[in-house]
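Asker: can't give you the sequence, but here's the structure:
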């Protein structure tokens, strides 16, 4: 194992805020590193330094002689050219290679990777979508066969199939002596691809061996220990401040050592950069909608020869958490507009429910006025917002979404991608809504913000329609999915993405070998799958009857524990007891969330059984 790049006492600053504060680390051959941290913490700046696009403000960076680096930035820049492929050749300086054999070999590899990423290289570069540009830049990076591959948010704009294809390429191409370092907030992607997590937090780099799941477990222990240390430090510091303020007693004792110690405590307390807070999200669910949110019968929609929806029979009930997945361009947004009655079907029936209050994330994104300030975007002409009947000052509301009072006054155009997404969520959740339509809400959100959004959605009593390519987010939010077959049919599936993926894998394993047929043979008719009528079993009926009381009992225990942990002398208890209480709290929260999800699932089944729904 050899060292490729080493940082020693690296310093990098943005204004007066250190992004790197005397940080040191090394990338070795064979490493696959995931760089994580809050939005705005300096991850992209660090990656740009590693790619030798920018320089450190202090410290030293050593680079292995002859090291070949490929870098795919968050928004790849493409030189002007007649086609996307020609633009890539210029971007990668492939035509400048002195050896003709190597030049044509590299261009042939570019063609191969463009095919694997399903990119049409002959189309004009200016007409390419964000997803096509990202896939094209990735294809070039793999074609360059660099020793070190640096990727900034590589899964942005990719659908699930594209993400899985990238996973396969990383695992097959970047092993042995080659290394990779990437920024991503896709937790499932990190779990599949990396061997080490590098966390950037308040100017400090910390390395954690293993994938993201291993990091989560270790980090939870560290944060608990850090909070415990800070509380003890602050208590001791407060006691010393009380002593010095007694004045006469302090002068009489002439304890100069104690005074010097207090000065040191003050300096340490001032230098301690607090861990950035988490979003505090409350969603106003408005009034209850009717039991049925949307119901379709034989629904069909096409554009020219392209079939988007064919013979869809589907019922969405109040409280459902529906995930819609599929490749880019398959018609997910069109399907949502059909379900909500925004566009008419070509044939079939659609009935939308009563008393629907809809908040649509994608529509808000399109209406974002970049010239307005952050505060004006949330509450035009007023300093107050009202959430679930409670008035809140706009500054306090924005702080819940990690916007400082200074940020509230800046124009939207100066915000980063992650900040704009948080702003959109703040605007969305300021509207009373019993139906949330979230079209790719996770783009550019950091991992902590994703966790908080998941918790808020778990506590939301209304109905959710979610379009996402984030597999773990789907698993943590939805209970049902609509999945396309590519020919206009949409399959309803109970469960999250992991269950769907396992189901697909099982189908492939059990699929019989299809014998070859002559060209004159007529294709066999497709089998129609009859859905069984929904029916609640005796065991499920008893479970549904018992669940409310069980959940209520667990919530009472959780409230008692939280109340106990809030008492002034609680943290004087034994560390083992503190850990046990924290673990019990976490277990209760997980069990309660699972209980609510199961209750919702059984209630839906019971309602469908009573309505005679197939």
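Answerer: Ah, there it is. Fair warning: this is a prediction, and the values are worked out from it, not measured in the lab.

Asker: would residue 55 count as being in a helix?
Answerer: No: using DSSP: H, G, I helix; E, B strand; the rest coil, the assignment for residue 55 is coil, not a helix.

Asker: and for it, the neighbour number?
Answerer: Residues lying near residue 55 (other C-beta atoms under 10 Å) number 10. In short, each C-beta sits where N, CA and C put it, glycine included.

Asker: the residue nearest to residue 167 when sequence neighbours are not counted and residue 235: what is the separation?
Answerer: Closest residue to residue 167 apart from its sequence neighbours, by C-beta to C-beta, 6 or more residues apart in numbering: residue 192 at 4.9 Å. According to C-beta to C-beta, to the nearest Å, residue 192 stands 44 Å off from residue 235.

Asker: which one's more surrounded, these two?
Answerer: Using other C-beta under 10 Å as the criterion, residue 192 and residue 235 rank with residue 192 on top: 18 against 11.

Asker: for that one, what are its contacts?
Answerer: 167, 171, 211 (C-beta atoms under 8 Å, 6 or more residues apart in numbering).

Asker: quick revisit: tell me which element the residue nearest to residue 167 is part of?
Answerer: Assigned by DSSP states H and E, residue 192 falls within helix 187-193.

Asker: sec struct for residue 551, please.
Answerer: Under three-state DSSP, residue 551 comes out as helix.

Asker: distance check, it against residue 594.
Answerer: Separation of residue 551 from residue 594 (C-beta to C-beta): 10 Å.

Asker: so who does residue 355 touch?
Answerer: Going by C-beta under 8 Å, 6+ apart, residue 355 touches 287, 288, 289, 290, 434.

Asker: now restrict those to buried residues only.
Answerer: The neighbour-count test (16 or more other C-beta atoms under 10 Å) marks 289, 434 as buried among the contacts of residue 355.

Asker: in strands, which of the contacts of residue 355 fall?
Answerer: Among the contacts of residue 355, no member is found in strands (DSSP state E).

Asker: closest to residue 84 among the contacts of residue 355?
Answerer: Each of the contacts of residue 355 was scored against residue 84 by C-beta to C-beta, and residue 434 proved nearest at 44.1 Å.

Asker: does that closest one touch residue 286 like I think?
Answerer: Yes: shown here, residue 434 and residue 286 form a contact pair, counting by C-beta atoms under 8 Å, at 4.9 Å.

Asker: mutual contacts of these two, please.
Answerer: 357, 462.

Asker: for stretch 446-461, which positions count as buried?
Answerer: For stretch 446-461, burial by neighbour count (16+ other C-beta under 10 Å) applies to 446-458, 460.

Asker: ignore what I typed, I meant stretch 336-351.
Answerer: 336, 338, 339, 340, 345, 348, 350.

Asker: returning to that earlier point: now render the contacts of residue 355 as JSON lines, adding distance to residue 296 and pLDDT.
Answerer: What follows is the contacts of residue 355, written out as JSON lines (distance: C-beta to C-beta, whole Å; pLDDT from 0 to 100):
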{"residue": "287", "distance to residue 296": "24", "pLDDT": "82"}
{"residue": "288", "distance to residue 296": "22", "pLDDT": "87"}
{"residue": "289", "distance to residue 296": "17", "pLDDT": "88"}
{"residue": "290", "distance to residue 296": "16", "pLDDT": "89"}
{"residue": "434", "distance to residue 296": "20", "pLDDT": "92"}
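
Asker: now the contacts of residue 355 as CSV including distance to residue 182?
Answerer: As requested, the contacts of residue 355 are arranged in CSV below (distance: C-beta to C-beta, whole Å):
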residue, distance to residue 182
287, 45
288, 44
289, 42
290, 46
434, 39
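
Asker: which pair in the contacts of residue 355 spans the largest distance?
Answerer: Across the contacts of residue 355, no pair lies farther apart than 287 and 290, at 10.5 Å, counting by C-beta to C-beta.

Asker: avg pLDDT for stretch 33-45?
Answerer: In this model, stretch 33-45 has an average pLDDT of 90.

Asker: buried residues in it, which are they?
Answerer: The neighbour-count check on stretch 33-45 (16+ other C-beta under 10 Å) flags 33-45 as buried.

Asker: for stretch 202-220, same thing?
Answerer: 202, 203, 205, 206, 208, 211, 212, 215, 216, 219.

Asker: wait, which of the residues you listed is closest to residue 135?
Answerer: Minimum distance to residue 135 across those is 23.5 Å, recorded for residue 212 (C-beta to C-beta).

Asker: and the longest helix seen in the chain, what does it pack against?
Answerer: As assigned by DSSP state H, the longest helix anywhere in the chain is helix 575-611. In terms of contacts (3 or more C-beta pairs under 8 Å, 6 or more residues apart in numbering; DSSP states H and E), helix 575-611 is packed against helix 212-245, strand 306-317, helix 538-565.

Asker: for the ones you listed, which one sits closest to residue 505?
Answerer: Relative to residue 505, the nearest member of the helices and strands packed on helix 575-611 by C-beta to C-beta is helix 212-245, separated by 20.3 Å.

Asker: of the buried residues of stretch 33-45, which pair is most distant in space?
Answerer: It's 33 and 40 that sit farthest apart of these, by C-beta to C-beta, at 20.5 Å.

Asker: check the gap between the closest residue to residue 415 other than its chain neighbours and residue 372 for me.
Answerer: Once flanking residues are discounted, residue 415 sits nearest to residue 423: 6.6 Å by C-beta to C-beta, 6+ apart. According to C-beta to C-beta, residue 423 stands 10 Å off from residue 372.

Asker: what touches both of the two?
Answerer: residue 412.

Asker: so if I had to pick from the two, which one is more boxed in?
Answerer: Taking neighbours as other C-beta under 10 Å, residue 423 and residue 372 compare with residue 423 leading, 21 against 14.

Asker: verify the stated contact: that one with residue 407.
Answerer: No: applying C-beta under 8 Å, one finds residue 423 not in contact with residue 407, separated by 9.5 Å.

Asker: so what sits against both of these two?
Answerer: residue 374.

Asker: may I see the buried residues of the helix or strand containing residue 21?
Answerer: Per DSSP H and E, residue 21 falls inside strand 17-28. Using 16+ other C-beta under 10 Å as the test for burial, strand 17-28 gives 18, 19, 20, 21, 23, 25, 27.

Asker: I'd like to know which elements that strand is packed against.
Answerer: strand 3-14, helix 43-50, strand 58-63, strand 179-183, strand 196-201, strand 204-209.

Asker: just how off-centre is the last one within its chain?
Answerer: Right, strand 204-209. 21 Å (C-alpha atoms, centre = their mean, to the nearest Å).

Asker: given it, what are its sheet partners and their directions?
Answerer: strand 196-201 (antiparallel) (DSSP bridges).

Asker: so what touches the strand it pairs with?
Answerer: Contacts with strand 196-201, where a contact means C-beta under 8 Å, 6+ apart, come from 19-20, 25, 31-38, 41-43, 46, 181, 190, 205-212, 214-215, 219, 275.

Asker: now for this protein, the helix or strand with the poorest mean pLDDT.
Answerer: Least confident helix or strand of the chain, by mean pLDDT, DSSP states H and E, is helix 248-253 with a mean of 51.
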